[in-house]
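**Student:** Just the structure for this:
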Amino acid sequence: MHNTIHTVIAAGIVLGSAAHAATPAAFPAVVHEAPLRAHLAFLSSDALEGRGTGQRGGELTVTYLETQAMAAGLLPANKGSYRQSVRIAGVKALPQQSFVGLNANGKPLLLAFGKDWVWAPGDAVAEHNMDAELLFVGYGISAPEEGGWDDYKGVDVKGKVLVMMVNDPAPTAAEPARFNGKGLTYYGRWTYKFEEAARRGAAGVLLIHTDASASYGWSVVQNSWNAERFQLADADLGTGMQGWITDATARTLFSAAGQDLDKLRAAAEDKSFKPVPLNARMTGLSRAAVRKLEQFNVAGIVPGTDPKLKDEVVIYSAHWDHLGMQGDPTKGDTIFNGAVDNASGSAGLLAMAQEAVRHPARRSQMFLWVAAEEQGLLGSAAYAARPLWPLEKTAAALNLDSLNFVGAARDIGVQGSERSSLEAMAAATAKAMKMTVAPARPDLAGGYFRSDHFSFAKAGVPAFSISGGHAWLKDKDAGDAKRKAYSARYHQADDEYDPNWDLSGMVQQAQYTLNLGRMVADAPQMPTWKAGDQFAKARSK
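**Tutor:** Numbering: from 1, shown residues only. Next up is the predicted model:
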């Protein structure tokens, strides 16, 4: 049967190269609303308690996903199992049991945890005795490809606490394209800052927060670091101390240390900047509660039909986790259901898988539900570190994170596809579906680095997330208002499923993703990174 289907499909495909358009006959699998709605309703129900990492609801979610993957006809991707272990360390700072602080010119600064600064160990060790010099390292970036940019300048930072800014250097009139111009590069992400400091043996990192540079307010940092945080337990560990300080705290610290923060910030905008020792230290004992736990990615396979190309795979991914149960049950709703984020993407993958099994492609296809995205892309990072399919034979990774709950649109978001030959394939898929590609916008908040596709990109696999469009087929004003209203529900307890939702936008987005994946799966060659892209190096290794 598979061979017959393959022959019919191949006859309908007009693909001289990966970039050529496909005809509608190339997209035989049709995503249906009924299964998508059913999965969405259950995954976002109170029964799964918000699908929290390390919580009972998360365990139930994994059981549901693996049984539904089996029911859809997916083959287990991990040696007979649908599960892939993700070992995680949970860390929660204990400021009331700690005695750690900052002093400048020998005088202590009066800092309140949460209000002025937050911190936690980055190495999953419960106690740290701190006695370390503070060193300002500008943006904390080492980027040889950016004209030899190096904020460290060969300075030995071992054993020091590094104070640095988030974001990356702004473009100038002379260099309008440096560090991606107005867009953010990975060097601007706080995750990179922590990683680079750890590679250099620093004792700790304190990031200076501003609303503009972080793209969110201090309350976001405060709430995140007041709660239990998670990190991979068997990956490269971070520094012993990781944290943030408010802009006001930074000004107090630098002034007490005899430095002008504004002048140092200005100096850090030039690549001639050199690290500046601060007449300040971090001293005392920090304590944290640490626990080890096991979570799971869920993965299933649709085998390819081509004798050679079946050894290569296209991955569709979505994270199954959300924020779980939080807060005081006597004060209201404590279940963060995460209906849009990301029960929708997980449900979409299940509906897509059901159809992909019925209509296999030349290459194999993997449906991957990853754990702990909300904790820092941990599940996808664990997969990239120990892939179930060789990365060099992984054609592309297409990610779904929060589907379009407003309604069907004339356009589709493919930002990030421009990094590779996926851009042309994405446009061709849209054209075949009588849609357009939404105009690209400057990635001011570094969105490309904040969803699960990024773990694959770092490992060299062409990857991006498909997002919903904005050119609504129905009432534009009503659609815009509905979409804007969701911002108040994002990561809140009222991101809940509404049975009255019009799911045509979700079905459309899932269908587009499956169609694009099908084009990749049937193309003669795997997609390639564009010359000069920072992730092309990993692919060529």
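
**Student:** rounded to a whole number, what's the mean pLDDT of the strand ranked longest in the chain?
**Tutor:** Looking across the chain with DSSP state E, the single longest strand is strand 276-302. Per-residue pLDDT over strand 276-302 has a mean of 97.

**Student:** How about stretch 104-115?
**Tutor:** Here the average pLDDT along stretch 104-115 is 95.

**Student:** mind saving the C-alpha coords of it as PDB?
**Tutor:** This file holds the C-alpha atoms of stretch 104-115, laid out as PDB (Å, rounded to 0.1, in the frame of the first residue of the first chain):
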ATOM      1  CA  ALA A 104      31.800  47.800  47.800                       C
ATOM      2  CA  ASN A 105      34.800  49.600  49.200                       C
ATOM      3  CA  GLY A 106      34.500  47.300  52.100                       C
ATOM      4  CA  LYS A 107      31.000  48.400  53.000                       C
ATOM      5  CA  PRO A 108      28.000  46.000  52.600                       C
ATOM      6  CA  LEU A 109      25.100  46.900  50.400                       C
ATOM      7  CA  LEU A 110      21.600  46.400  51.800                       C
ATOM      8  CA  LEU A 111      19.900  44.100  49.200                       C
ATOM      9  CA  ALA A 112      16.600  42.400  49.500                       C
ATOM     10  CA  PHE A 113      16.100  39.100  47.600                       C
ATOM     11  CA  GLY A 114      13.400  39.600  45.000                       C
ATOM     12  CA  LYS A 115      13.200  43.400  45.300                       C
END
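
**Student:** which residues does the residue lying closest to Asp443 once chain neighbours are set aside contact?
**Tutor:** Closest residue to Asp443 apart from its sequence neighbours, by C-beta to C-beta, 6 or more residues apart in numbering: Gly183 at 4.1 Å. Backbone N, C-alpha and C define where each C-beta goes, glycine included. Neighbour list for Gly183: Pro442, Asp443, Leu444, Gly446 [criterion: C-beta atoms under 8 Å, 6 or more residues apart in numbering].

**Student:** What pLDDT does the model give Gly183?
**Tutor:** 84.

**Student:** same check, this time on Ile9
**Tutor:** 31.

**Student:** Please parse this structure into its domains.
**Tutor:** 2-88+292-540, 91-291 (automatic domain parsing).

**Student:** ok so, going back, the longest strand of the chain pairs with which strands?
**Tutor:** strand 75-76 (antiparallel), strand 83-93 (antiparallel), strand 101-104 (antiparallel), strand 127-136 (antiparallel), strand 364-370 (antiparallel) (DSSP bridges).

**Student:** I'd assumed Ser286 was in contact with Val125.
**Tutor:** No - using C-beta atoms under 8 Å, Val125 is not in contact with Ser286; the gap is 9.6 Å.

**Student:** Who has more neighbours out of these two?
**Tutor:** Ser286 (26 against 14; other C-beta atoms under 10 Å).

**Student:** quick one: the nearest residue to the more buried one once chain neighbours are set aside from Ala132, how far?
**Tutor:** Spatially, and ignoring its direct neighbours in sequence, Ser286 is nearest to Val100 (4.3 Å; C-beta to C-beta, 6+ apart). Separation of Val100 from Ala132 (C-beta to C-beta, to the nearest Å): 11 Å.

**Student:** which residues touch the residue nearest to Glu49 when sequence neighbours are not counted?
**Tutor:** Nearest non-adjacent residue to Glu49, counting by C-beta to C-beta, 6+ apart: Gly57, 3.1 Å away. Contacts here follow C-beta under 8 Å, 6+ apart; on that basis Gly57 touches Leu48, Glu49, Gly50, Arg51, Gly324, Met325.

**Student:** for the chain, longest helix please?
**Tutor:** The longest helix of the chain (DSSP state H) is helix 504-522.

**Student:** Kindly export it (C-alpha atoms) in PDB.
**Tutor:** Coordinates of each C-alpha in helix 504-522 appear next as PDB, following Å, rounded to 0.1, in the frame of the first residue of the first chain:
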ATOM      1  CA  SER A 504      -9.900  26.900  11.800                       C
ATOM      2  CA  GLY A 505      -6.600  28.900  12.500                       C
ATOM      3  CA  MET A 506      -5.100  26.000  14.400                       C
ATOM      4  CA  VAL A 507      -6.100  23.500  11.800                       C
ATOM      5  CA  GLN A 508      -4.600  25.800   9.100                       C
ATOM      6  CA  GLN A 509      -1.300  26.200  11.000                       C
ATOM      7  CA  ALA A 510      -1.000  22.400  11.600                       C
ATOM      8  CA  GLN A 511      -1.900  21.700   8.000                       C
ATOM      9  CA  TYR A 512       0.700  24.200   6.700                       C
ATOM     10  CA  THR A 513       3.400  22.700   9.000                       C
ATOM     11  CA  LEU A 514       2.600  19.200   7.800                       C
ATOM     12  CA  ASN A 515       2.600  20.300   4.200                       C
ATOM     13  CA  LEU A 516       5.900  22.000   4.600                       C
ATOM     14  CA  GLY A 517       7.400  19.000   6.300                       C
ATOM     15  CA  ARG A 518       6.100  16.800   3.500                       C
ATOM     16  CA  MET A 519       7.800  19.000   0.900                       C
ATOM     17  CA  VAL A 520      11.100  18.700   2.800                       C
ATOM     18  CA  ALA A 521      10.500  14.900   3.200                       C
ATOM     19  CA  ASP A 522      10.000  14.400  -0.500                       C
END
